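J.: predicted model and sequence below, questions to follow.
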Amino acid sequence: MKEAPRANVFRDAWAGDLTVARCGTEVRVAGWVHRRRDHGGLIFIDLRDRSGIVQLVVHPQASGDAFALAEDLRSEHVVSAAGEIVKRAPENVNPNLATGDIEIHVRSLTRLAASETPPFPLDEDTPVDETLRLQHRMLDLRREGMREAMELRHTVITAMREVLNAHDFLEIETPILTRSTPEGARDFLVPSRLQQGSWYALPQSPQLFKELLMMSGFERYYQIARCFRDEDLRADRQPEFTQLDVEMSFVEEDDVIEVIEAVMSAVFAAGGFEVPAPPWPRMSFADAMLRYGSDRPDRRFALEIVDISQAVRGSEFKVFESVLGGGGAVRALNAGAREMSRSELEGLNEVVQRHGGKAVAWGFVENGALRSPIAKFLGEDRVAATVSGLQASEGDLLLFVADEPRVAAEALGALRLELGRRFGLIPEGGHDVLWMVDFPMFEPTDDGWGAVHHPFTAPKGSFADPGAMLSRAYDLIVDGWELGGGSIRINTPEVQEQVFKVIGLSEEEAGARFGFLLDAMKYGAPPLGGIAFGIDRVVAIMAGRDSIRDVIAFPKTASGSDPLTGAPAPVDAAQLRELGVRSIVDPA
Ligand code: ASP
């Protein structure tokens, strides 16, 4: 800890910070009984506070009722102990403990609170059922792993603030009770009591407000902002999450990217997460989809996808021919020299089917030819062109997917990750950072075009061909995770109207939803751009946790509930009446 606690009746030092330098002096510490051992006559207590653990030794001759009390202590009782700091005999030194070469010989001991037996052990890192952990989150947070995660989270947020403050950014708060924002997810709604029948929406992000702040002339804004999206949850999603939200005026892509590289490299350094020094490479969306089958490629291992449409065109293999005839693509991975049984290979079909593909074709390079059910249909020349296109050598396993380009890309992208995991291709340590740029601006929907990012993202290209337009958006990708994303925004009503037109948003609708932003644009909006980072994800990846729940103090389960508080919960009929709301569902 940075400074000693103020001396009071409970303590005058942090348990985990004591060192041999203080041997021979008196100390008073306070905390929880982490572990207690009775060693024939002597009682050893590991006392834990936030700083760490120190060993207390209670002798039967200790003053007053200290020994009797020590016999009665159990895990998680809260105590204060005073005594002398003593160097341990060499054979008793515990190298796994920061304070392992000392102990406190207790002279007086006080129990400040007893504890029931905790529902799961807190003194070891045994796996515990997550629902149980969440139900008793205050206990779970006492465990070392959770404490470390919370400390890392604080370190990350502090580093963000420090770098942004040093660059003249202002931290400004924006409303939680507001109107629908444009991120495109489902809103959480809050009924208004004062204006019955009307509802607030919780912000999906501070997007509109941060743009307004630029229009107000604040130039550089940030906020550690809570965002709310009512989506179906996955391991890396929560209904409410925390975002580092940033916006700047009079900027282009390079301006935002450069500041953010300073912020994020400081964040990674503060948490001991080793990444290459910036500037970080930029990759276009099209290139990423082609080579990695994903717009958040994990490039810690090579295994790149290759388009072999030209090499196999014109064969007797009907599947490939009909896909190619319909504008599709044949793409493949060279998985390297691998042993896989036929049933294991067939098992890969399931991976591609999850991504809308049909099946995987496979082949092994043997004696310069291909041992594969499809080899005879392809013919020698095409096999040779395929083998050379994939830079394959003897024994290599080749995997093929034929489908419309997007499906082939995503299916092979998933296959690539599966092979990376299965064959242990992802190296320990060493992280990969890149910017994803040149996203498409629009994507086809059932009845026209939709915006790939929120509709305030600035476009590149001609509105005459929306499908070919790119956006001025950028995402930061680390080890296959999208940690953040943002864009240069539209700052003139003319361009904004054209975007709304392409996505079929009528003037009335746009006015009703975002009228205040469109109005602001009429009064001189500076060129602007920004970005947002999912702090939960940033911390999770730095802490090496699979789930963002492990880096949030009080998260919700996959069904959106909080086992600790029991939220969400039914409310009284009277409360609903006051809000002018009637439920059509009986509470379960
Ligand atoms: N508002 C966007 C988001 O939350 C980020 C941005 O464009 O700054 O995803």
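T.: Yes, it's here.

J.: which residues touch whatever residue of the stretch 101-250 of the chain ends up closest to the ligand?
T.: The nearest approach of the stretch 101-250 of the chain to the ligand comes at residue 205, 3.3 Å away (CB to the nearest ligand atom). C-beta: built from backbone N, CA, C; applies to glycine. By CB atoms under 8 Å, 6 or more residues apart in numbering, the contact set of residue 205 is 181, 183, 225, 227, 243, 245, 532.

J.: now do 7 Å
T.: The contact partners of residue 205, by CB atoms under 7 Å, 6 or more residues apart in numbering, come to 181, 183, 227, 243, 245, 532.

J.: and residue 364, by the same measure?
T.: 371, 395, 397.

J.: please list only the buried members of the contacts of residue 205.
T.: The neighbour count (16 or more other CB atoms under 10 Å) marks 181, 227, 243, 245, 532 as buried among the contacts of residue 205.

J.: may I see those residues arranged in JSON lines, with secondary structure and pLDDT as well?
T.: Shown next, in JSON lines, are the buried ones among the contacts of residue 205 (DSSP: H, G, I helix; E, B strand; the rest coil; pLDDT from 0 to 100):
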{"residue": "181", "secondary structure": "coil", "pLDDT": "78"}
{"residue": "227", "secondary structure": "strand", "pLDDT": "97"}
{"residue": "243", "secondary structure": "strand", "pLDDT": "98"}
{"residue": "245", "secondary structure": "strand", "pLDDT": "98"}
{"residue": "532", "secondary structure": "strand", "pLDDT": "98"}
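
J.: got the residues you listed as TSV, with distance to the ligand columns?
T.: Below are the buried ones among the contacts of residue 205 laid out as TSV (distance: CB to the nearest ligand atom, whole Å):
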residue	distance to the ligand
181	8
227	6
243	6
245	7
532	4
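
J.: one step back: without its sequence neighbours, what residue ends up closest to the residue of the stretch 101-250 of the chain closest to the ligand?
T.: residue 227 (5.0 Å; CB to CB, 6 or more residues apart in numbering).

J.: that neighbour is in contact with residue 239, isn't it?
T.: No: applying CB atoms under 7 Å, one finds residue 227 not in contact with residue 239, separated by 9.7 Å.

J.: any chance you could list what contacts the helix or strand encompassing residue 319?
T.: When elements are assigned from DSSP states H and E, residue 319 belongs to helix 318-325. Outside helix 318-325, the residues that touch it by CB under 7 Å, 6+ apart are 309, 312, 313, 315, 330, 402, 403.

J.: spit out the contact partners of the closest residue in space to the fourth one that isn't next to it in sequence.
T.: Spatial nearest neighbour of residue 315, excluding adjacent residues (CB to CB, 6+ apart): residue 378 at 4.8 Å. For residue 378, the residues meeting the contact criterion (CB under 7 Å, 6+ apart) are 312, 315, 317.

J.: helix, strand, or coil at the closest residue to residue 444 other than its chain neighbours?
T.: Nearest non-adjacent residue to residue 444, counting by CB to CB, 6+ apart: residue 467, 7.1 Å away. Three-state call for residue 467 (DSSP: H, G, I helix; E, B strand; the rest coil): helix.

J.: residue 449 versus residue 467, what's the distance?
T.: Distance from residue 467 to residue 449, counting by CB to CB, to the nearest Å: 8 Å.

J.: and for residue 278?
T.: From residue 278 over to residue 449 the distance is 35 Å, taken as CB to CB.

J.: okay, strands next: where are they in the stretch 251-400 of the chain?
T.: 282-284, 305-307, 329-337, 361-366, 369-371, 396-403 (DSSP state E, counting those that start in this stretch).

J.: and the first one, what does it pack against?
T.: This points to strand 282-284. strand 433-437 (3 or more CB pairs under 7 Å, 6 or more residues apart in numbering; DSSP states H and E).

J.: any part of the strand it packs on near the ligand?
T.: No: using CB under 6 Å from any ligand atom, strand 433-437 stays clear of the ligand, coming no nearer than 13.5 Å.
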